[in-house]
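Participant: Prediction below, plus the sequence it came from.
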Amino acid sequence: MSLRLGGAVALAAAYVAFTAVPALAGPTLDAVKSKGQLTCGVNTGLPGFSSPDSQGKWTGLDVDICKAVAAVILNDTTKIRYTPLSAQQRLTALQSGEIDLLVRNTTWSLTRDAQGLDFAPPVYYDGQGLMVAKSLGVTSAKQLDGATVCVQPGTTTELNLADWFRAHNLSFKPVVIEALDEVNAAFFAGRCDVLTTDISGLAGVRASVATKPDDFIILPEVMSKEPLAPVVRHGDNQWRDIVSWTIYALIEAEEKGITQANIDAKLKDPDPSVQRLLGVQGDLGTGLGVDKAWAYRAIKAVGNYGEIFERNIGKKTPLKLDRGLNALWTNGGLMYAPPIR
């Protein structure tokens, strides 16, 4: 190959590598556009993540992720049908096509990933915990030998519980109840000594269900890793990309100081990375199958990731959760967006 020809080939390769290629239309995107509505599977009622008020208005961190995706695709956060699903129903509902997107405090695991599901980036890094009444007189999970434990079936929670007790040579008696409100009611009625689920869920239940929240403690042991992430059907790469990059855009917005309130002013920010994110420079939406203002709409609709966190589960909410692992990578957390360019 001549030097001239080699240079031409290299130039062509570079052009292809750095030029956005229009995405092939995917079945889920087409379906959402056709019906003019996003069907989002959510929890039946988990304070801080997804729960309806007395008027049927849904709020929470997971709900805001649904809204961000709807803003990207439909430019309207009201065009969402929230489908409340139990732990046992959720994955079947997604695989059957009943819902377009599952954002329901679902743990990303190898088994689930291999079952015809694809996961977007985690929106909350959690861990499984145990809650007891202070009157039980225990301060560590290692004191729970022989305890009765309320747990939902069909969850990683149920599996982790058995693993942890077995690993520590402890016994327990499971009280298995499918409905979330019923398992919570059973615990507060004294049918079991312990309630177990993700620590964020325990904080939400204690704040919203317990008559006297201060009478209950979450024990210090963290029993597992629980990266909670939105889920899509396997094989629809375009839809997974849209959901994933919507989440990354919310994280990047926090890192760049872009908020729901200042985003219009940020359109004049000279920072090239801000201009690319907001669609002022270039057109990164083409590769996803959306327009160049996709990230602008998501951030304008729900704010950046930090705003979503603080509004729904942060220190000024009943859950009073620290950022912890969910802080930006620049602050010692795990929230990190790949380059948006």
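Facilitator: Good, I have the coordinates.
Participant: which secondary element of the chain has the worst mean pLDDT?
Facilitator: helix 3-18 (a mean of 44; mean pLDDT, DSSP states H and E).
Participant: what kind of secondary structure is residue 260 in?
Facilitator: Assigned by DSSP: H, G, I helix; E, B strand; the rest coil, the conformation of residue 260 is coil.
Participant: no no, residue 318
Facilitator: Following three-state DSSP, the label given to residue 318 is coil.
Participant: show me where the stretch 51-200 of the chain has strands.
Facilitator: For the stretch 51-200 of the chain, strands defined by DSSP state E, counting those that start in this stretch occupy the ranges 51-52, 58-59, 80-85, 101-102, 117-119, 124-126, 128-133, 147-151, 172-176, 194-198.
Participant: mind checking which of those is nearest residue 340?
Facilitator: Nearest to residue 340 among the strands of the stretch 51-200 of the chain is strand 117-119 (19.7 Å), distances taken as CB to CB. Using the backbone N, CA and C atoms, a C-beta is placed for each residue, glycine as well.
Participant: outside of that closest one, which residues touch it?
Facilitator: 91, 94-95, 108, 112-113, 229-236, 240 (CB atoms under 8 Å, 6 or more residues apart in numbering).
Participant: at 10 Å what do you get?
Facilitator: Residues from elsewhere that reach strand 117-119 (CB atoms under 10 Å, 6 or more residues apart in numbering): 91, 94-95, 102, 106-109, 111-113, 227-237, 239-240, 243-244.
Participant: Just the local confidence number for the residue nearest to residue 215 when sequence neighbours are not counted, please.
Facilitator: The shortest distance from residue 215 to any non-neighbouring residue, by CB to CB, 6 or more residues apart in numbering, is to residue 134 (5.6 Å). If you check residue 134, the pLDDT there is 97.
Participant: With the one 4 residues further on instead?
Facilitator: Residue 138 carries a pLDDT score of 97 in this model.
Participant: and what of the one 4 residues further on?
Facilitator: In the predicted model, residue 142 carries a pLDDT score of 97.
Participant: List the residues that contact it.
Facilitator: Residues in contact with residue 142 (CB under 10 Å, 6+ apart) are 168, 169, 170, 219, 221.
Participant: That one and residue 159: what is the separation?
Facilitator: Using CB to CB, to the nearest Å, residue 142 is found at 20 Å from residue 159.
Participant: Please apply the same query to residue 235.
Facilitator: From residue 235 over to residue 159 the distance is 26 Å, taken as CB to CB.
Participant: what does residue 190 give?
Facilitator: From residue 190 across to residue 159, the span is 26 Å (CB to CB).
Participant: doesn't residue 219 make contact with the residue nearest to residue 215?
Facilitator: No: the pair residue 134 / residue 219 is not scored as a contact, 11.1 Å apart, by CB atoms under 10 Å.
Participant: low pLDDT regions in the stretch 151-300 of the chain?
Facilitator: Along the stretch 151-300 of the chain, no part satisfies pLDDT under 70.
Participant: re the thing from before, more neighbours: which of residue 190 and residue 159?
Facilitator: The neighbour comparison of residue 190 against residue 159 (other CB atoms under 10 Å) goes to residue 159, with 15 against 10.
Participant: In the longest helix along the chain, which residues are buried?
Facilitator: The longest helix of the chain (DSSP state H) is helix 237-255. Of the residues in helix 237-255, 238-255 count as buried by neighbour count, 16 or more other CB atoms under 10 Å.
Participant: Now do the same contact list for the residue nearest to residue 215.
Facilitator: Each residue near residue 134 by CB under 10 Å, 6+ apart is listed here: 212, 214, 215, 216, 217.
Participant: Just say helix, strand or coil for the second one.
Facilitator: With three-state DSSP as the basis, residue 214 sits in helix.
Participant: pretty sure it is touching residue 135, no?
Facilitator: No: Residue 214 is beyond contact range of residue 135, at 11.9 Å (criterion: CB under 10 Å).
Participant: mind checking how far residue 272 is from residue 330?
Facilitator: Relative to residue 330, and taking CB to CB, residue 272 is found at 19 Å.
Participant: How about residue 304?
Facilitator: To residue 330, residue 304 is 13 Å away according to CB to CB.
Participant: Of the two, which one has the most company?
Facilitator: Per other CB under 10 Å, whichever of residue 304 and residue 330 has more neighbours is residue 304, with 23 against 10.
Participant: one step back: and the contacts of residue 134, which of them are buried?
Facilitator: If we count by 16+ other CB under 10 Å, the contacts of residue 134 have these buried: 216, 217.
Participant: Next, format the contacts of residue 134 as JSON lines and append distance to residue 53.
Facilitator: Below are the contacts of residue 134 laid out as JSON lines (distance: CB to CB, whole Å):
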{"residue": "212", "distance to residue 53": "23"}
{"residue": "214", "distance to residue 53": "25"}
{"residue": "215", "distance to residue 53": "26"}
{"residue": "216", "distance to residue 53": "24"}
{"residue": "217", "distance to residue 53": "28"}
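Participant: Residue 26: which of the contacts of residue 134 is nearest?
Facilitator: residue 216 (45.2 Å).
Participant: Just list the residues touching the closest one, thanks.
Facilitator: Listed by CB under 10 Å, 6+ apart, the contact partners of residue 216 are 131-136, 187-188, 195, 202, 205-206, 209-210.
Participant: now it: how far from residue 143?
Facilitator: Between residue 216 and residue 143 the computed distance is 16 Å (CB to CB).
Participant: Alright, calling it a day.
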